[in-house]
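Undergrad: Okay, sequence plus prediction incoming.
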Amino acid sequence: MLPDAECVKIVIEILRDVGVGDFRVVINHRKILDGIFELCGVPPEKFRTICSSIDKLDKTFWDDVRAEMIDEKGVSPEIADAIGTHIQLSGKPTDVIATLKAKEDFMSNSNARSGLESVELMFKYCELMGIDSSLLIFNLSLARGLDYYTGVIFEAILIRKSS
């Protein structure tokens, strides 16, 4: 997780140096998503396609993503609703980690637990590197439908452009 934390630090340094404005780095972990899908009853062969639906949440509303999962991807409304209850968690990393650790069903899943342990370690490395935690958001809806994402997923988002 050290290289991932270093990448986050580099992204932050570059964006600050360039002066793009107010930004945040949004972070999730692919194993957490896989664990959520397992908990919700998504068939393994549909994990990637469901990820590509969830990935649209930063561009559209939950109802649209839910409809896509049901109508186009073939999951039941119950599975889609279960996914929705999990992936809407977002915020300060320490708060999201505490919330997830308190969820017995989440922690009982090996993928979810492993992903959480990894991302928690990465956040600790970020802290040790002096990264301002107010720049980090742990968002369970950050997903990518591409198969090469197997660990940490992160992206920088612009909150407000500099003048």
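TA: Structure's in. What do you need?

Undergrad: For the residue positioned nearest the centre of the chain, give me its contacts.
TA: Nearest to the geometric centre of the chain sits Asn28, at 2.8 Å (C-alpha atoms, centre = their mean). Applying C-beta atoms under 8 Å, 6 or more residues apart in numbering to Asn28 gives the contacts Val119, Phe138, Asn139, Leu140, Ser141, Leu142, Ala143, Val152, Ile153, Phe154. Glycine gets a C-beta too; all of them are placed from N, C-alpha and C.

Undergrad: now do 7 Å
TA: The neighbours of Asn28, taking C-beta atoms under 7 Å, 6 or more residues apart in numbering as the test, are Asn139, Leu140, Leu142, Ala143, Ile153.

Undergrad: Secondary structure for those residues - can I get that in CSV?
TA: Shown next, in CSV, are the contacts of Asn28 (DSSP: H, G, I helix; E, B strand; the rest coil):
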residue, secondary structure
Asn139, strand
Leu140, coil
Leu142, coil
Ala143, coil
Ile153, strand
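
Undergrad: Nearest residue to the residue nearest to the centre of the chain in space, please, no chain neighbours.
TA: Among residues not flanking Asn28 along the chain, Leu142 sits closest, at 4.0 Å (C-beta to C-beta, 6 or more residues apart in numbering).

Undergrad: for the residue lying closest to Gln88 once chain neighbours are set aside, helix, strand, or coil?
TA: Distance criterion C-beta to C-beta, 6+ apart; nearest residue to Gln88, sequence neighbours excluded, is Ser141 at 6.7 Å. What three-state DSSP gives for Ser141 is coil.

Undergrad: Could you pull out the strands in this structure for me?
TA: 21-29, 90-91, 136-139, 152-161 (DSSP state E).

Undergrad: for Lys124, what are its contacts?
TA: By C-beta under 7 Å, 6+ apart, Lys124 has no neighbours at all.

Undergrad: any idea how far it is from Ile131?
TA: Using C-beta to C-beta, to the nearest Å, Lys124 is found at 11 Å from Ile131.
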